[in-house]
Structure formats: C-alpha cells, structure tokens
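[1] have a look; sequence and predicted model below, questions after that.
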Amino acid sequence: MYCPTLSHPLSLFFFILIASISSHSGEALHRPAFACDPINSVTKDLPFCRTSVPIQDRVRDLIGRLTLKEKVGLLVDNSAPVPRLGIKGYNWWSEALHGVSDVGHGTKFGGDFPGATSFPQVITTVASFNASLWEEIGRVVSDEGRAMYNGGRGGLTYWSPNVNILRDPRWGRGQETPGEDPFVAGKYAARYVKGLQGTDVNRLKVAACCKHYTAYDLDDWSGVDRFHFNAKVSKQEMEDTFDVPFRECVVQGKVASVMCSYNQVNGIPTCADPRLLRNTIRGNWHLNGYIVSDCDSVGVFYDNQHYTSTPEEAVADAIKAGLDLDCGPFLGVHTETAVQQGMLKEIDIDNALLNTISVQMRLGMFDGEPSAQPYGNLGPGDVCTQAHQELAVEAARQGIVLLKNHGPSLPLSRRRHQTVAVIGPNSDVTVTMIGNYAGIACGYTTPLQGIGRYATTIHQQGCVGVACTNDQLFGAAIDAARKADATVLVMGLDQSIEAEARDRAGLLLPGRQQELVSKVAMASRGPTILVLMSGGPIDVSFAKNDPRIGAILWVGYPGQAGGTAIADVLFGAHNPGGKLPMTWYPQEYLSKVPMTTMDMRSSRDYPGRSYRFYKGPVVYPFGHGISYTTFLQTVANAPTVITIPLRGHRNTTDSGKAIRVTRAKCNGLSVQVHIDVKNVGSKDGSHTLLVFSTPPVGHWGPHKQLVAFEKVYVAARSQQRVAINIHVCKYLSVVDRSGTRRIPLGEHNLHIGDVKHSLSLQPATLGVIKS
C-alpha cells in the first residue's frame, strides 16, 4: 500500500481537492460515519434503512436512488457524502497489519485514542506457529478498531493482512508477510481474518482485506520497480504457490475484501485482469465482498505502464475486470466520461457498488446510531488495556527463535550474570521494534530496559544506527564487554534497510556490524549473545561458526513490548519455542536468483526458491529453532494405507500414477496421525510440531512440503499426545505443469523431526482404472 506519484494532472488535482474536503470535515473527527440516523425524518423509513429488509434488497434500493454522479463518488476510497440521502463521506483506507495503524487516511490517533496496542510484526508472530494466537491478536485488534470507529477516529474497513509469499529474501516487505510457505500463509490469513471479522459473516465486526493479489513480491530492485514489473508466472506456480494463501483467505477465512496489486502478471495488470478478479476471486472462490485496487493502481497501469490509450479505457478495463473500489481518485475523475463515451454501462457501476455497499451494511453502517448496534459499547477503555498489552508481550515471546545455543550459553543466570553489557544499534530502540504499517504504540519496553529488570546494565551503542558506517564507538563497546559478566549484542536491520519501496541489495549485516560483533565477542569476559532484529533473513554464518558467540536469537520486529520478551528469554523466564518461517540463505545464493525470476522450482543453473524446492546450502533452514529443553517425538498411531474413493468408473491419470483431485471424493478424506511429544528435559516448554510430507519420486511436487503444524505445551519430564489431521486432497496433492492438482499414488513419507512414517495412497478398486 502506497500512493505513487500521480503523474496525471487531473488525478493530482482531484486527489488534492478530495483530501482537502475530507480534512475540513470536522464532524467526521467526532462522530463515526454512518447512515440512516433515526432522527432524520427524510430517510428513516426508506427501504435501505430498514434492518428487517434483506441486505441485497436494501442495497439495490439505495443504488436505485443514486444519480450517476453520486454513484461515481462512491467508487473511490475517499467516498463522497450524499447529503440528500443522509449518507456521510467515508474513507475506506485503514490498516491493521499487526495493530490499528494510522498509515491509512481512515484512522487518526489523538484525543481519547492516543495510541493502540502494537503487536509484533507479522513475520515474528508467524514464527510462533500458533494459529490460535494469530486469531486472538485479530480479535484484540478489531476490538480496538471498533472502539476507534465508535469514537469517530477510525473506519471499519481494514486493508490487512498482507498474505503474499516471501519468495525472495531481499524483499523489503517480507516482514509484513507470513513467510515463504504457502500452507502457513494460508492458515495465517484465514485465522487472522476470522479474528478481525468475527464469526458472523452477515454482521462483520470489521472488514478485513487480503492483499496484494497476486505474484507481488518485488518493490525496487536493480532498476525494476513494482509499478513497471511484469511477473511471468506459470500455471503450475500460480496454483501451487501464489494462489494458495488468497484462496484460503477467501474460502476459509471468508474475508470481505481482496486487493489487487500494482504489477502485471503475464502482461496484464492484475487490477485489469478478469481472469484473476472476476473468474478466480469472485467466480471460483466466491468472494462475498469487494475488490479494491492498491493505491492508484488504475492510474499506474495507465500512466506508468501505458496499458491503455486513454484514462477512460483504463477505467472500463478495471471495472469490467471486477474492480469495485479504487484507492485513489482515478475512477472518481474518469468514470462518468467512460460511461458517456459508451465504454462502460451504468449497470457495471451498479454491480461494483452492490459489492462495496453490501459490506458497509454487513458492518452496520446503515443501521443508524452505532452505539445502539453490536460492538457499540466499545470505547477508549477498550484500547491499550492491560490484557491487550500482555498479549503483545506473549506474542513476542512466542515468536522469538533460538538459532544457536553453544554450551549452552543461555539462559543467563541472575546470580552469575549480575552485570550485563548491552551493545548495538538496536539495543535501546522503540519504533524499530514495531516495523512498518504500525500505529502509535501504547508504550515501549526497549531491550535495554527489559534486560535492566534482570541485571545491572552497561550500555554502549557501538554503532550510530544500523548502517554502522564507522568504528568510532567500537572502543567503548569493547571496554563494556570486558567489564561485564555477560554481553548481549542487539544488532540487525530497520526500515532504513528493508521497507516498502526498499528491497535489500544483500543479506549480510549492514556496514561494520559484523566487525563490531566479532571484536566484542573476542573481548567479552562472559558469554556473548547475539540478538538479531530483522524482518528478512540475515547471513550470520560468521556468528554461527564462531565459538566465542555462545547463542543467537532472532526476534524479528517484536512489537511494543519487545524488550520484555527478549529479556524473559535471555534469563529463562520463558523457554523459546519459535521456528523460522523462512529459509536463511547464504549471501552467495543471491548471484544465482534474480528477483525478477518468479520460478519456485529449480532448473539447470537455477537453484530454486524456498525449502520446498531449494536443496543448496543454508545458514539456517525453514522450521529451525531450538529450546532450553529436549523434546522427543514418536508416531503413536497412523495408517499405512489410504484408499482414495473415485468419482465415476474411469479415472484420468498420468501413467497410472496420479489422480486428478477433481476425480477424487475429497470430503472427509483425511489422514489422522497421533504423535507423542515427550519433554525429557528439566524445563517446561512449548514445542512446535511440524509435519512435512515427501511425495513419491518422479512427480512435479516439492522435495517436501509442510502439511500440518501444532503448538503443544509439555511440562518437564511429561508427555502429550497430539492428533493431527491431514486432508489428502489439499495437502498430499501436487500440481502438474499445466496447473492441475493431482494426488500421486504410491508411497508418501511423513517427516516429524527425525521420525519418518510411510503412507501408501491407493485408488479404490471401483470400476476400471486405466492409464
């Protein structure tokens, strides 16, 4: 989400005009935007204001009362008021990636709402592999969002989450995503959206939006930017990787909106492609909601990509493709002319408004005074509550990943390590911890402050900022390490290195950070611990291989309470259980993979991407993460043969070795595996159970793929049994070169840690099975 430079003069003029009108609307800052006020005698008895009437009928009644000019005013994110019908202006753009944010124009902090709970950045939260936590964070964020709406400080349409795949480790927005695995990204999308929207699809708490559809994972690399990039994606990769999280978001999460992206896919702008919008999102997945453009995407494909000859053609292409709402002024400026020129019919606009206004009605925005509606009791006392802030701490704890623990060096002891040197450019930061698309936090606990609750600290920054361009502060940092009982280096990245519109050039620590770490470790009197803040992976091979660096923690961007969580892990108050949601590649990997190459699968001279297809050397693999205790996993009970029932009497196969998913009777077809997790150590802890599957050799599938995960708490010297259900058609299938999903017959191997279980998939012996 970003508003690019508006090169079209009329677009720029109207954008400024609309923003000016909005900023001078004093009422909008004090009362929430709603229609059908019961004290308005003109509208209170109109059909679109009657809650007893079905929503579709109410929407059609309202649309039938609008003039063309009024309809066009509702096609943009800063939608215009219709005073004669009691409809106020509304700004659709609010953000809630990991807490209510003021990045969008629809939310403004201030007055009774000075801030909101800022949870860890998404990549950190996903490292918990705790789906119930993801949903609970969504519930809290929507509580705070509703409260701000009731107070006239926010909207109800949140353009979150970002569920794009972290395809390339250099991507500046990887921090916003659920990582590299499409299965995990899909699970995150569905659970976070359910937390945001609530469980009643006809009465939304807030309306979420999964973005950016699709194949969007490059911002600005080597002279190529997202406004001009054409992502060339095969049918196989689209079905197997890029579509997966969005399909889960719509089908399982019941999301109320999907956002199309800036880039082209195979030569067509995503916001002008009916195959993507009308056929896939709305046709195949049955979106119950609206499709919105990324900010000024329609203007981008006209002005920057020169996809159409006139602005009116751009408007017609977008709306006919299935776009319902424009973030930006373009549709507001050019749609009426497009209708006059015969490129667009008024019914096309009506269909778009049917989708947007239906969502507003499901939110209760046409039901009168919000205080009398569900969630109308939420207010300032429901934002930044103690419980919400405690959840932010717990989310940060669960997302921290222990990458290395030589010795072991951790946890530190309050008795033996009474003085701790806290060093590094990220050692006393605040806003760095909340990453991008954040709001104003309730308050902060920095790493220095958190460690200070456990020990006396000696603080030295070591570098001026993460760029670390010189060694002027090295000497004081080295002296501090010599004096202390233990040394904690808090290094890594921030938004000056990785961010929207800023992809990384390399994977190493910036500037002279590595030099500082090595020199401090050499001088340290006690154990040296390296703490890394970042969204994307970092090549820290030097630290992994340096015996003087006893432990390494990756904390992502841990949110407002990051310092508390870091200190709790360092001193053993919390036993780390996070796992990496992405592969950490070595720096030399980059020379083999241009960011513009979308292929996930390896080929000659191309190593492939993600743990699913890349087999080369890594710094740390996907799913890596260790604990202060030891867990053993055993398969207690699992089938060895699964019979797949088929539709009809004949089966279309490839050499008799794979069944089309569409030919299998998939309902209820799952594998149940019972796994015993035993904690044989002396510390209680949570274990992340990851179940991978390897399909039979010779198919088009990945080397292995995650098919299930579960978070399980196991007390010291005790055991828990976990039941895992694996849907055969969804998770044991692979995608062939034509984009068709098939179930390979024969031996599949399930991998749970070091344990392997073989499972044979066989067709039912009904009818004739032919090659």
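    Received, thanks.

[2] C-alpha from now on. contacts and neighbour counts both.
    OK.

[3] mind checking the longest helix of the chain?
    helix 131-150 (DSSP state H).

[4] state the next helix or strand along the chain beyond that helix.
    helix 182-197 (DSSP states H and E).

[5] quick one: Leu68 and Glu336, what's the gap?
    7 Å (CA to CA, to the nearest Å).

[6] got the contact list for Leu507?
    Pro169, Arg170, Pro537, Ile538, Asp539, Tyr585, Pro586, Gln587 (CA atoms under 8 Å, 6 or more residues apart in numbering).

[7] ok, those residues vs Val531, which is closest?
    Closest approach to Val531 among the contacts of Leu507 (CA to CA): Ile538, at 11.8 Å.

[8] would you mind listing the buried residues in the longest helix of the chain?
    131, 133-150 (16 or more other CA atoms under 10 Å).

[9] in this structure, which helix or strand is least confident?
    helix 9-23 (a mean of 42; mean pLDDT, DSSP states H and E).

[10] which residue packs closest to Leu412, ignoring adjacent ones?
    Leaving aside its sequence neighbours, Leu412 sits nearest to Phe571 (CA to CA, 6 or more residues apart in numbering; 4.7 Å).

[11] so who does that neighbour touch?
    Counting by CA under 8 Å, 6+ apart, Phe571 touches Leu410, Pro411, Leu412, Ser413, Arg414, Tyr454.

[12] hmm, try it at 10 Å
    Shown in contact with Phe571 (CA atoms under 10 Å, 6 or more residues apart in numbering): Leu410, Pro411, Leu412, Ser413, Arg414, His417, Ile451, Tyr454, Ala455.

[13] now the buried members of the residues you listed.
    Here, 16+ other CA under 10 Å leaves Leu410, Pro411, Leu412, Ser413, His417, Ile451, Tyr454, Ala455 buried among these.

[14] can you tell me how far the second one is from Gly572?
    Okay, so that is Pro411. Taken as CA to CA, the span from Pro411 to Gly572 is 5 Å.

[15] and for the two, which residues touch both?
    Contact criterion CA under 10 Å, 6+ apart; residues shared by Pro411 and Gly572: Tyr628.

[16] coming back round to it: so between Leu68 and Glu336, which is more surrounded?
    Between Leu68 and Glu336, counting by other CA atoms under 10 Å, Glu336 is the more crowded of the two (21 against 15).

[17] pretty sure that one sits against Phe330.
    No - Glu336 is beyond contact range of Phe330, at 11.1 Å (criterion: CA atoms under 10 Å).

[18] what do those two both touch?
    Counting by CA under 10 Å, 6+ apart, the contacts common to Glu336 and Phe330 are Glu312, Val315.

[19] might one say that Cys468 is in contact with Pro510?
    Yes - counting by CA under 10 Å, Cys468 does reach Pro510; the two are 6.8 Å apart.

[20] looking at the two, which is more packed in?
    Cys468 (21 against 18).

[21] now the more buried one: closest residue in space that isn't a chain neighbour?
    Gly511 (4.9 Å).

[22] how close does the one you found sit to Gly492?
    Going from Gly511 to Gly492 by CA to CA gives 11 Å.

[23] list the residues that contact both of those two?
    Common contacts of Gly511 and Gly492, defined by CA under 10 Å, 6+ apart, comprise Gly465, Val466, Ala467.

[24] by neighbour count, which of those wins?
    Top of these by neighbour number is Val466, holding 22 neighbours under the definition other CA under 10 Å.

[25] residues touching Ser309, list them.
    Ser309 neighbours (CA under 10 Å, 6+ apart): Tyr302, Asp303.

[26] need the pLDDT of it.
    Ser309 is assigned 98 on the pLDDT scale.

[27] likewise Val697?
    76.

[28] touching, it and Ala658? I think so.
    No - taking CA under 10 Å as the definition, Val697 is not a contact partner of Ala658, at 11.8 Å.

[29] between these two, which contacts overlap?
    With CA under 10 Å, 6+ apart as the test, Val697 and Ala658 both reach Pro744, Gly746.

[30] more neighbours, the two?
    Counted by other CA under 10 Å, Val697 and Ala658 do not tie: Ala658 has more neighbours, with 24 against 12.

[31] does that one touch Glu747 like I think?
    No - judged on CA under 10 Å, Ala658 makes no contact with Glu747 at a distance of 11.8 Å.

[32] what is in contact with those two at once?
    Between them, Ala658 and Glu747 share the contacting residues Leu761, Gln762, judged by CA under 10 Å, 6+ apart.

[33] where does the prediction get shaky in the stretch 1-150 of the chain?
    1-30 (pLDDT under 70).

[34] cool, and the stretch 451-600 of the chain?
    For the stretch 451-600 of the chain, no range has pLDDT under 70.

[35] show me where it has its strands.
    Using DSSP state E, counting those that start in this stretch, the strands found in the stretch 451-600 of the chain span residues 456-460, 486-492, 528-533, 549-556.

[36] looking at these, which is nearest to Asn40?
    With CA to CA, the closest approach to Asn40 among the strands of the stretch 451-600 of the chain belongs to strand 549-556: 50.9 Å.

[37] can I get the CA coordinates of that closest one in CSV?
    Taking C-alpha atoms only, strand 549-556 is exported to CSV below (Å, rounded to 0.1, in the frame of the first residue of the first chain):
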residue,chain,number,x,y,z
ILE,A,549,29.5,-16.3,20.2
GLY,A,550,27.6,-18.6,22.5
ALA,A,551,24.0,-18.0,21.4
ILE,A,552,22.0,-16.3,18.6
LEU,A,553,18.4,-15.2,18.9
TRP,A,554,16.2,-13.9,16.1
VAL,A,555,13.5,-11.7,17.4
GLY,A,556,12.1,-10.2,14.2
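
[38] and that strand, what does it pack against?
    helix 122-126, helix 386-399, strand 401-405, strand 486-492, helix 513-523, strand 528-533, helix 541-544, helix 562-570 (3 or more CA pairs under 10 Å, 6 or more residues apart in numbering; DSSP states H and E).
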